[in-house]
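K.L.:
Pasting a predicted model and its sequence here:
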Amino acid sequence: MKVSKRTEYGLRAIVTLAEAVATSNHPLPLRQIAEMESIPEAFLDQIFALLRREGLVQSVRGANGGYLLARAPSDISMGQIIKLLEGDVAPIGCVSDDFPLPEEFCSKARSCSTRSVWVKLNDSILRTLDGISLADVLADAQGEGVESLSVMHL
């Protein structure tokens, strides 16, 4: 799975937002997030529009406005963010949510001898991403569990 810049930037930005809000409890302006992460502000605005619509972040208007998390970091999974920004994360089309009937992707899908490999890989990817919360990532960023996270989720 190759991750797009939108997903990479989105993950970095939401982690930066979560870290900043955890220490200051004040909204963080989008411009500041863009500067801190070297992300083009217009691109970040598009990303945050998606995050806001999904209910992961909320905007605060005014002179001291910016963004806050809309939920606790423990209630936001990497799977939610990545699937929102990246779309389907399936390694191959026959196990993709975009093709509810595998035959739509491949005429051999039902008789394919390797399909079970792709199903297991896809299930593992989804389970891993859904099992890592933003709180887990914040703990890792602070050096509180990098080994446990990598072993636990792989």
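P.N.:
Perfect, I can see it now. Note that the structure is predicted; figures quoted are calculated from it, not measured.
K.L.:
This protein: helices as residue ranges?
P.N.:
5-24, 30-37, 41-53, 78-86, 115-130, 134-141, 146-153 (DSSP state H).
K.L.:
between the fourth one and helix 41-53, what angle do the directions make?
P.N.:
This points to helix 78-86. Orientation check (axes from the mean of the first three to the mean of the last three C-alpha atoms, to 10 degrees): helix 78-86 against helix 41-53 gives 130 degrees.
K.L.:
Can you give the distance from helix 78-86 to the centre of its chain?
P.N.:
4 Å (C-alpha atoms, centre = their mean, to the nearest Å).
K.L.:
mean confidence for it?
P.N.:
Summarised as a single mean, pLDDT over helix 78-86 is 96.
K.L.:
How about the first one?
P.N.:
Mean pLDDT, computed over helix 5-24, is 95.
K.L.:
If you count contacts, what does it end up packed against?
P.N.:
Counting contacts by 3 or more C-beta pairs under 8 Å, 6 or more residues apart in numbering; DSSP states H and E, helix 5-24 is packed against helix 30-37, helix 41-53, strand 66-69, helix 78-86, helix 134-141. The way it works is simple: take the backbone N, C-alpha and C, and place the C-beta from them, glycine included.
K.L.:
what about 10 Å?
P.N.:
helix 30-37, helix 41-53, strand 57-60, strand 66-69, helix 78-86, helix 134-141 (3 or more C-beta pairs under 10 Å, 6 or more residues apart in numbering; DSSP states H and E).
K.L.:
And the second one, by the same measure?
P.N.:
For helix 30-37, the packing partners by 3+ C-beta pairs under 10 Å, 6+ apart come out as helix 5-24, helix 41-53, strand 66-69.
K.L.:
Enumerate the positions of that helix that are buried.
P.N.:
30, 32-34 (16 or more other C-beta atoms under 10 Å).
K.L.:
which intervals of this protein have sub-threshold pLDDT?
P.N.:
Where the chain drops to pLDDT under 70, the residues are 99-100, 102, 144-154.
K.L.:
need the contact list for the nearest residue to Tyr67 once chain neighbours are set aside.
P.N.:
Leaving aside its sequence neighbours, Tyr67 sits nearest to Val57 (C-beta to C-beta, 6 or more residues apart in numbering; 5.0 Å). Contact analysis of Val57 by C-beta atoms under 10 Å, 6 or more residues apart in numbering lists 13-14, 17-18, 21, 27-28, 47-51, 66-71, 76.
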